[in-house]
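Novice: pasting the sequence and the predicted coordinates here, then a few questions.
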Amino acid sequence: MPVDQEIKFMADEIIVSKTDLKGRITYTNDVFCRVAEMSASEVLGKPHNIIRHPDMPRAIFKLLWDTLQQGRELFAYVKNMSATGKYYWVIAHVTPSFDRSNNIIGYHSNRRYPNPEGIQNILPLYNELLKTEAGCSNPKEGLERSFGLLESRISASGKNYEEFIWEMVSEDA
């Protein structure tokens, strides 16, 4: 159950996790465990979405998985939830991991403490996506409409996703 209390971590710390192809956690570092308020034994083998905060639009995770499955990296602002319901924001850099034959064998995520202005700049979009998702009669339709809205916002900007997101969260936005 979410609580309105933020967990902060140091700007020079990196939260690291790795997952298999199905998103089950195969590795976490000590920063991940401390910030998520869970031990490694509590998270290993569990789906990575165990830290998903309900304030995060599902459309962002669809974009993330679609991008990763194409073999590309993605940067995203993400609000996560700890075991006690506290929240923490990250700027996530998620990449596919490849074997020697260039097959995707899992995913690697490094997360840093985000620019606070970036969070404020991204919140209106995330809130609009959440409202779209909630306004539909079923989750599948909500995700489709929310993802369509995200794609239309990116397209209307005349930029690709990376340019769109970095411009949105820069200190000058």
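Specialist: Sure thing, it's come through.
Novice: and the spatially most central residue of the chain, what does it touch?
Specialist: Closest to where the C-alpha atoms of the chain average out (CA atoms, centre = their mean) is residue 78, at 4.0 Å. Contacts here follow CB atoms under 8 Å, 6 or more residues apart in numbering; on that basis residue 78 touches 56, 60, 89-92, 111. Quick note: C-beta positions are derived from backbone N, CA and C, even for glycine.
Novice: same check, this time on residue 98
Specialist: Residue 98 makes contacts with 71, 104-105, as judged by CB under 8 Å, 6+ apart.
Novice: ok, back up a step: what bridges to the residue nearest to the centre of the chain?
Specialist: residue 90 (DSSP bridges).
Novice: any idea how far residue 165 is from it?
Specialist: Plainly put, residue 78 is 12 Å away from residue 165 if you go by CB to CB, to the nearest Å.
Novice: where along the protein do the strands fall?
Specialist: Taking DSSP state E, the strands of the chain run over residues 15-19, 25-28, 74-81, 87-98, 104-112.
Novice: out of these, the one nearest residue 136 is which?
Specialist: Evaluated over the strands of the chain, closeness to residue 136 peaks at strand 74-81, with 21.3 Å, by CB to CB.
Novice: ok and that closest one relative to strand 15-19, angle-wise?
Specialist: Angle, strand 74-81 to strand 15-19, by axes from the mean of the first three to the mean of the last three CA atoms, to 10 degrees: 100 degrees.
Novice: may I ask which helix or strand of the protein has the lowest mean pLDDT?
Specialist: helix 161-169 (a mean of 84; mean pLDDT, DSSP states H and E).
Novice: relative to the whole chain's centre, how far out is that helix?
Specialist: Taking CA atoms, centre = their mean, to the nearest Å, one finds the center of helix 161-169 at 15 Å from the center of the full chain.
Novice: and which of the contacts of residue 98 is nearest residue 31?
Specialist: residue 105 (23.7 Å).
Novice: quick one: residues contacting the closest one.
Specialist: Residues in contact with residue 105, defined by CB under 8 Å, 6+ apart, are 20-21, 97-99.
Novice: do you know how far the nearest residue to residue 79 once chain neighbours are set aside is from residue 157?
Specialist: Distance criterion CB to CB, 6 or more residues apart in numbering; nearest residue to residue 79, sequence neighbours excluded, is residue 53 at 4.5 Å. Going from residue 53 to residue 157 by CB to CB gives 26 Å.
Novice: low-scoring stretches of the protein, by residue?
Specialist: Within the chain, the ranges that satisfy pLDDT under 70 run 171-173.
Novice: surely residue 26 meets residue 43?
Specialist: No - look at residue 26 against residue 43 with CB atoms under 8 Å: they stay out of range, at 10.0 Å.
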